[in-house]
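J.: The sequence isn't on hand, but the structure is:
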């Protein structure tokens, strides 16, 4: 969340104050995102959607899974009713959504989604279509490296069971330079690229000096 809120505030590189740690359980409620319209693609149960709305953004979450959208809507009504007016959930694809909301959003957020997409170029093209000129796209995903394969897939899924087996597939991972290449062809300039990792025990993201595991990319669409 600080990655997105600062990126929209600065439209530049990530603030070094966030370099050591991002604590997902201590999000400021300052109106950093007031008036911003944000689209979260692949919103799942709405955890990040609600976190962004707590910073006073107007957030739309889209997901192809009707069951997870139902879960997100139920959680919103039962646990965060104060956010109902700022959050909208839709069961549809990004392609469908971009057809109706082209050049609409200040930002599109794709958090841990790209590694599950087959047609990445088409997917990113639709994401960019939904962004207004001068708007941002924020992506966090797994890198396509041997280190990530070993730690994230072999150890994480098959040895320690941090995630179910077959959650991630090597063939679907993508390197940051390939994401940058696709975005550049869509008239989006990368303004920050940072390595990060997630501590599953403390539920905390940390910036790290290597992008060999996961990375966070912020790009801006040409005005």
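T.: Ah, there it is. Keep in mind the model is a prediction, meaning the values are calculated, not measured.
J.: Give me the residues contacting the host helix or strand of residue 77.
T.: Taking DSSP states H and E as the criterion, residue 77 maps to helix 66-79. Helix 66-79 is contacted by residues 43-46, 49-50, 61, 63, 83-84, 87, 89-91 when judged by Cβ atoms under 8 Å, 6 or more residues apart in numbering. (Each C-beta comes from the backbone N, C-alpha and C, glycine too.)
J.: Buried ones among those?
T.: Buried members of these, scored by 16 or more other Cβ atoms under 10 Å, are 43, 44, 45, 46, 49, 50, 61, 63, 83, 87, 89, 90.
J.: Next, please give the residue ranges for the helices of this structure.
T.: For the chain, applying DSSP state H gives helices covering 2-10, 47-53, 66-79, 94-100, 120-129, 146-148, 176-185.
J.: And the average pLDDT for the third one is what?
T.: Taken as a whole, helix 66-79 has an average pLDDT of 98.
J.: pLDDT below threshold where in this protein?
T.: Within the chain, the set of residues satisfying pLDDT under 70 comprises 10-31.
J.: May I have the residues that are in contact with the spatially most central residue of it?
T.: Centroid-nearest residue in the chain, with Cα atoms, centre = their mean: residue 111, separated by 2.3 Å. The contact partners of residue 111, by Cβ under 8 Å, 6+ apart, come to 40, 42, 48, 138, 139, 140.
J.: What of residue 43?
T.: Residue 43 makes contacts with 49, 61, 62, 63, 68, 69, 72, 89, as judged by Cβ under 8 Å, 6+ apart.
J.: swap in residue 103?
T.: Taking Cβ under 8 Å, 6+ apart as the test, what residue 103 contacts is 129, 130, 131, 132, 133.
J.: and with 6 Å instead?
T.: residue 132 (Cβ atoms under 6 Å, 6 or more residues apart in numbering).
J.: same question, residue 180
T.: Contact analysis of residue 180 by Cβ under 6 Å, 6+ apart lists residue 190.
J.: related to what we said a few turns ago, neighbour-wise, give me the winner out of the contacts of residue 111.
T.: Ranked by neighbour count (other Cβ atoms under 10 Å), the contacts of residue 111 have residue 40 at the top, with 29 neighbours.
J.: Relative to residue 52, how far out is that residue?
T.: Separation of residue 40 from residue 52 (Cβ to Cβ, to the nearest Å) stands at 7 Å.
J.: Repeat that for residue 157.
T.: 28 Å.
J.: now swap in residue 32 and tell me
T.: 10 Å.
J.: Quick check: nearest residue in space to residue 88, chain neighbours excluded?
T.: Nearest residue to residue 88, sequence neighbours excluded (Cβ to Cβ, 6 or more residues apart in numbering): residue 60, at 4.7 Å.
J.: Could you report the neighbour count for that neighbour?
T.: Residue 60: 22 surrounding residues under other Cβ under 10 Å.
J.: All the strands of this structure, residue numbers only.
T.: Counting by DSSP state E, the chain has strands at residues 22-23, 37-41, 58-63, 87-91, 105-111, 131-142, 188-199, 204-208, 214-221.
J.: so which of these gets nearest residue 7?
T.: The closest of these to residue 7 is strand 214-221. By Cβ to Cβ, the value is 4.6 Å.
J.: report the angle between the axes of the closest one and strand 105-111?
T.: Counting by axes from the mean of the first three to the mean of the last three Cα atoms, to 10 degrees, strand 214-221 points 160 degrees away from the direction of strand 105-111.
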